[in-house]
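Asks: below is the structure, and that's it, no one-letter string:
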């Protein structure tokens, strides 16, 4: 019998990307979809590329209580609103993978300060598992609620985890992070700055005063280091549809520690089929991860500064692909099921 799946907010970028993965998954059946804007329309009418793959009608989220019980639900709703529907699903005995930030940050005060929203379900924070399989695979396996990581945070944590876990970074050093992201990272809702004529042939920075994923990065890196860790993070928008390239600058405790660094990274991710380590002066590029769940990592040096470069697809390993990977772990599917295919090129 196939796993029954429901999707909240199915007509955003992460929702339709999730459907793209799930319709090719041999072990699942999508039971229902919700959409505010497109309630009453077939998903294949909203996204014609899904014709002959999925023709379910989208329903309004207000009908959630009347929808059939599913084994797992994905919430692709925005922060602040997602928590309310996640709580309702958990009460029905449904396991949930939440794409929002509502259950990622364990400190309620930090969450409320950054997101300007009161957290209504503090009691659920303790049982939420941060959904980064390469770090929390065993906890994800038995989780009722998985907080799917942010796309920028995924790139930063995976790029630095081998160093942090092995205590190689200089004490109290600030980690400098520069990320370039495609415009789908801002969501599907129209906005002036993302109009073609506004963003084409341009690169712009934002969040210089602090991006909302900064505390998420600091929380997880601090857990790995086992001491408070500071991140200076500046994201940029580049005129591509999808993809993230993150460059991180860190200082080692000792000079000459670069010997064996590639082996350190390869050994750390030896069980992880979606992390690929570059060697021999090669560095990752967005074109090599688009439409995939891969995370590519390369490293280089300038003196005692380690430069770690990570490429991933913000809708793949940065969101929907990672969510499917988490689902596979939770329900004992092969971790690569529905996800393992060569990257689309060109």
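Replies: Right, received. Where do you want to start? If you're wondering where the values come from, they're calculated on a predicted model, not measured in any experiment. Numbering: from 1, shown residues only.
Asks: can you give me the strands in the stretch 151-300 of the chain?
Replies: 175-181, 204-205, 231-237, 244-251, 275-277, 295-302 (DSSP state E, counting those that start in this stretch).
Asks: what's in contact with the second one?
Replies: Okay, so that is strand 204-205. With contacts defined as CB atoms under 8 Å, 6 or more residues apart in numbering, strand 204-205 is touched by 193, 234, 235, 236, 237. All C-beta spots, glycine's among them, are computed from the backbone N, C-alpha and C.
Asks: re earlier: which one of the strands of the stretch 151-300 of the chain lies nearest to residue 263?
Replies: Residue 263 lies closest to strand 275-277 among the strands of the stretch 151-300 of the chain, at 9.4 Å (CB to CB).
Asks: top of the contacts of strand 204-205 by neighbour count?
Replies: residue 235 (22 neighbours; other CB atoms under 10 Å).
Asks: please name the nearest non-neighbouring residue to that one.
Replies: Using CB to CB, 6 or more residues apart in numbering and skipping residues adjacent in sequence, the residue nearest residue 235 is residue 179, 4.6 Å away.
Asks: surely that neighbour meets residue 236?
Replies: Yes - the pair residue 179 / residue 236 is scored as a contact, 6.7 Å apart, by CB atoms under 8 Å.
Asks: sorry, back to before: which pair of the contacts of strand 204-205 spans the longest distance?
Replies: 193 and 234 (16.7 Å).
Asks: closest one to residue 92 out of the contacts of strand 204-205, please.
Replies: For those, the nearest to residue 92 is residue 235 (36.5 Å; CB to CB).
Asks: ok, now which ones touch the residue nearest to residue 235?
Replies: Contacts of residue 179 (CB under 8 Å, 6+ apart): 152, 155, 156, 233, 234, 235, 236, 244, 245, 246, 247.
Asks: what does stretch 23-39 contact?
Replies: Stretch 23-39 is touched from outside by 2-11, 15, 19, 22, 41, 43, 46, 50, 53-54, 56-61, 63-64, 67-68, 70, 324, 327, 331, 333, 337-338, with contacts defined as CB under 8 Å, 6+ apart.
Asks: just give me the neighbour total for the closest residue to residue 183 other than its chain neighbours.
Replies: Of all residues not flanking residue 183 in the chain, residue 194 sits nearest, at 5.2 Å (CB to CB, 6+ apart). Per other CB under 10 Å, the neighbour tally for residue 194 reads 17.
Asks: hang on, isn't residue 194 packed against residue 185?
Replies: No - using CB under 8 Å, residue 194 is not in contact with residue 185, being 9.9 Å away.
Asks: okay, and the common contacts of the two?
Replies: residue 237.
Asks: quick revisit: for the residue nearest to residue 235, give the beta-bridge partners.
Replies: Under the criterion DSSP bridges, residue 179 forms beta bridges with residue 235, residue 246.
Asks: report the separation between it and residue 97.
Replies: From residue 179 over to residue 97 the distance is 24 Å, taken as CB to CB, to the nearest Å.
Asks: from residue 131, how far out is the residue nearest to residue 61 when sequence neighbours are not counted?
Replies: Nearest non-adjacent residue to residue 61, counting by CB to CB, 6+ apart: residue 34, 4.4 Å away. As judged by CB to CB, residue 34 and residue 131 stand 21 Å apart.
Asks: the stretch 101-250 of the chain: helices as residue ranges?
Replies: Taking DSSP state H, counting those that start in this stretch to define them, one finds helices in the stretch 101-250 of the chain at 108-115, 133-141, 151-165, 196-199, 214-225.
Asks: among the contacts of stretch 23-39, name the ones in strands.
Replies: 3, 4, 5, 6, 7, 8, 58, 59 (DSSP state E).
Asks: run the chain-centre distance for stretch 51-66.
Replies: Its chain's C-alpha centre and that of stretch 51-66 lie 24 Å apart, by CA atoms, centre = their mean, to the nearest Å.
Asks: report the buried residues of it.
Replies: 54, 56, 58, 59, 61, 64 (16 or more other CB atoms under 10 Å).
Asks: and which of these is nearest to residue 289?
Replies: Once CB to CB is applied, the member of the buried residues of stretch 51-66 that ends up nearest residue 289 is residue 54, at 25.1 Å.
Asks: residue 42 reaches residue 56, doesn't it?
Replies: Yes - assessed by CB under 8 Å, residue 42 is found in contact with residue 56 at 6.8 Å.
Asks: distance to residue 308 and pLDDT added to the contacts of residue 179, as JSON lines?
Replies: Shown next, in JSON lines, are these (distance: CB to CB, whole Å; pLDDT from 0 to 100):
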{"residue": "152", "distance to residue 308": "14", "pLDDT": "98"}
{"residue": "155", "distance to residue 308": "10", "pLDDT": "98"}
{"residue": "156", "distance to residue 308": "9", "pLDDT": "98"}
{"residue": "233", "distance to residue 308": "14", "pLDDT": "97"}
{"residue": "234", "distance to residue 308": "16", "pLDDT": "97"}
{"residue": "235", "distance to residue 308": "16", "pLDDT": "97"}
{"residue": "236", "distance to residue 308": "17", "pLDDT": "96"}
{"residue": "244", "distance to residue 308": "14", "pLDDT": "98"}
{"residue": "245", "distance to residue 308": "12", "pLDDT": "98"}
{"residue": "246", "distance to residue 308": "8", "pLDDT": "98"}
{"residue": "247", "distance to residue 308": "7", "pLDDT": "98"}
